[in-house]
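**Q** Model the structure of this input:
(one chain, ligands or ions: 1)
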Amino acid sequence: MAVEIGPVRLKNPVTVASGTFGFGREYAQLFDLSQLGGIFVKGTSLEPRRGNPPQRIYETAAGMLNSIGLQNDGVEAFIAEKLPFLNQFDTQIFVNIVGNRIEEYAELARILDDQPGVAGLEINISCPNVEHGHAEFASDPTATCNVVSAVRRATGKVVIPKLSPNVTDITAFARASEDGGADAVSLINTLVGTAIDVKTRRFRLANVTGGLSGPCIKPIALRMVYQCAQTVSIPVIGIGGISTWTDAVEFLLAGATAIQVGTASFANPLAALEIIDGVEAYLQDNGLNSPSQITGKVERGPVDPVL
Ligand SMILES: Cc1cc2nc3c(=O)[nH]c(=O)nc-3n(C[C@H](O)[C@H](O)[C@H](O)COP(=O)(O)O)c2cc1C
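**A** Modelled structure (predicted):
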């Protein structure tokens with residue numbers, strides 16, 4: 001079941017998505033985290049952030065909106081309090097890093113480069129870019145390339161930019177990431193959405209908009225993973241609405257080397273474990289001995305003879 005993301009070996013291709021698994025403490029009460037291929041921790045910034053005011057979560061048809069706003073205790077607290085706990089488990093730890101300027105990302109990378117218990121950095125580029133008039137790093141391929149190469153220069157660890165779906169052509173950002181020296185790309189982050197309460201005639205979220213996640217975004221994520229895997233030669237990590245092992249196999253077939261389970265863990269905290277078992281059984285049933293044997297192996301469907 002092992003797969004490789006650059007020089008990092010995951011014992012299986014199933015990891016958990018940033019912001020949906022905290023720093024592992026709550027889930028560790030339910031299962032042994034060593035069973036996971038990897039853990040992508042909550043977005044971590046240089047300084048602590050309080051996040052957005054409530055209401056910050058709203059459930060939608062087949063998904064949810066969130067506007068947590070990257071609440072976290074900052075990188076020093078992560079290293080002192082969260083990382084030692086996570087390092088008890090035999091799984092790869094990836095830190096999702098967030099900043100407002102390129103220098104903040106580079107500084108986070110330098111600080112985390114000294115931590116042997118960190119396998120890699122996932123760059124959350126869906127943050128306001130203070131240097132470029134508050135556009136996101138994720139909405140300009142040149143800015144994406146610049147932030148990736150700054151992080152690349154600051155660390156020897158695996159560098160994985162996480163791409164936003166809120167763009168016209170996501171492949172341009174996958175290419176910019178590869179050009180910037182990324183080891184892999186992960187996609188997708190949430191889609192911007194909103195919801196309104198007709199009784200009060202108010203937005204459901206205090207922040208007005210939030211990020212849409214869950215099964216409702218899976219077809220979009222799958223399409224984007226397919227497109228990016230066709231575009232770049234570095235590994236693609238698929239994220240978006242993956243709730244069952246069949247979802248995971250779809251992403252592998254579309255070109256993903258590994259996957260992240262996100263919102264599904266809220267509904268079923270054991271979702272990632274069930275997905276590991278299901279993918280393993282699928283490979284066995286099909287006489288295969290590695291997930292890499294199905295990565296990118298999707299073919300065009302048969303033409304319906306009636307049409
Ligand atoms: C409550 C919540 C918090 C999140 N926080 C982060 C975060 O801190 N950093 C990040 O890169 N993505 C964050 N995400 C996005 C997820 O990691 C994932 O990309 C997205 O939810 C799509 O996957 P899913 O449909 O399987 O949940 C968050 C998602 C949710 C639902």
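**Q** How about the residues of the stretch 101-250 of the chain by the ligand?
**A** 124, 162, 189-190, 213-214, 217, 239-242 (CB under 6 Å from any ligand atom). (Glycine included, C-beta is placed from N, CA and C.)
**Q** among the residues you listed, who's most crowded?
**A** Ranked by the number of neighbours (other CB atoms under 10 Å), these place Ile239 first, at 32 neighbours.
**Q** which residues touch the residue in the stretch 1-150 of the chain positioned nearest to the ligand?
**A** For the stretch 1-150 of the chain and the ligand, the shortest gap (CB to the nearest ligand atom) falls at Gly19, measuring 1.9 Å. Listed by CB atoms under 8 Å, 6 or more residues apart in numbering, the contact set of Gly19 reads 42-43, 66, 68, 96, 262.
**Q** Output those residues in TSV; the columns should cover pLDDT.
**A** Compiled in TSV, the contacts of Gly19 are given as follows (pLDDT from 0 to 100):
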residue	pLDDT
Lys42	96
Gly43	96
Asn66	96
Ile68	93
Asn96	98
Gly262	98
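**Q** Can you give the contact residues for stretch 225-235?
**A** Stretch 225-235 is contacted from outside by 3-6, 163, 170-171, 174-175, 177-178, 182-185, 187-188, 236, 238, 240, 251, 254-258, 296, 298, using CB under 8 Å, 6+ apart.
**Q** Out of those residues, which sit inside strands?
**A** 3-5, 185, 187, 236, 238, 258 (DSSP state E).
**Q** would you turn these into JSON lines with pLDDT?
**A** Conversion of the ones in strands among the contacts of stretch 225-235 to JSON lines gives the following (pLDDT from 0 to 100):
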{"residue": "Val3", "pLDDT": "98"}
{"residue": "Glu4", "pLDDT": "98"}
{"residue": "Ile5", "pLDDT": "98"}
{"residue": "Val185", "pLDDT": "98"}
{"residue": "Leu187", "pLDDT": "98"}
{"residue": "Val236", "pLDDT": "99"}
{"residue": "Gly238", "pLDDT": "98"}
{"residue": "Ala258", "pLDDT": "98"}
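**Q** Residue of the stretch 151-300 of the chain nearest the ligand, please.
**A** For the stretch 151-300 of the chain, CB to the nearest ligand atom, closest residue to the ligand: Gly262, 2.4 Å.
**Q** In this structure that residue contacts Thr15, no?
**A** No - using CB atoms under 8 Å, Gly262 makes no contact with Thr15, being 10.1 Å away.
**Q** the helices in the stretch 201-307 of the chain, which residues?
**A** For the stretch 201-307 of the chain, helices defined by DSSP state H, counting those that start in this stretch occupy the ranges 218-231, 245-254, 264-267, 271-285.
**Q** re the thing from before, for the ones in strands among the contacts of stretch 225-235, work out which two are farthest apart.
**A** Glu4 and Leu187 (18.5 Å; CB to CB).
**Q** Pull the residues that contact stretch 30-41.
**A** By CB under 8 Å, 6+ apart, stretch 30-41 touches 1, 3, 10-18, 21-24, 27, 78, 82, 86, 89-96, 119, 122, 186, 258, 260, 269-270, 272-273, 276.
**Q** Now do the buried residues in that stretch.
**A** By neighbour count on 16 or more other CB atoms under 10 Å, the buried set for stretch 30-41 is 33, 35-41.
**Q** Can you get me the start-to-end distance on that stretch?
**A** For stretch 30-41, the separation between the terminal residues is 17 Å (CA to CA, to the nearest Å).
**Q** can you check stretch 84-95 too?
**A** For stretch 84-95, the end-to-end distance is 13 Å (CA to CA).
**Q** Find the helix or strand that Asn12 is a member of.
**A** According to DSSP states H and E, Asn12 maps onto no helix or strand at all.
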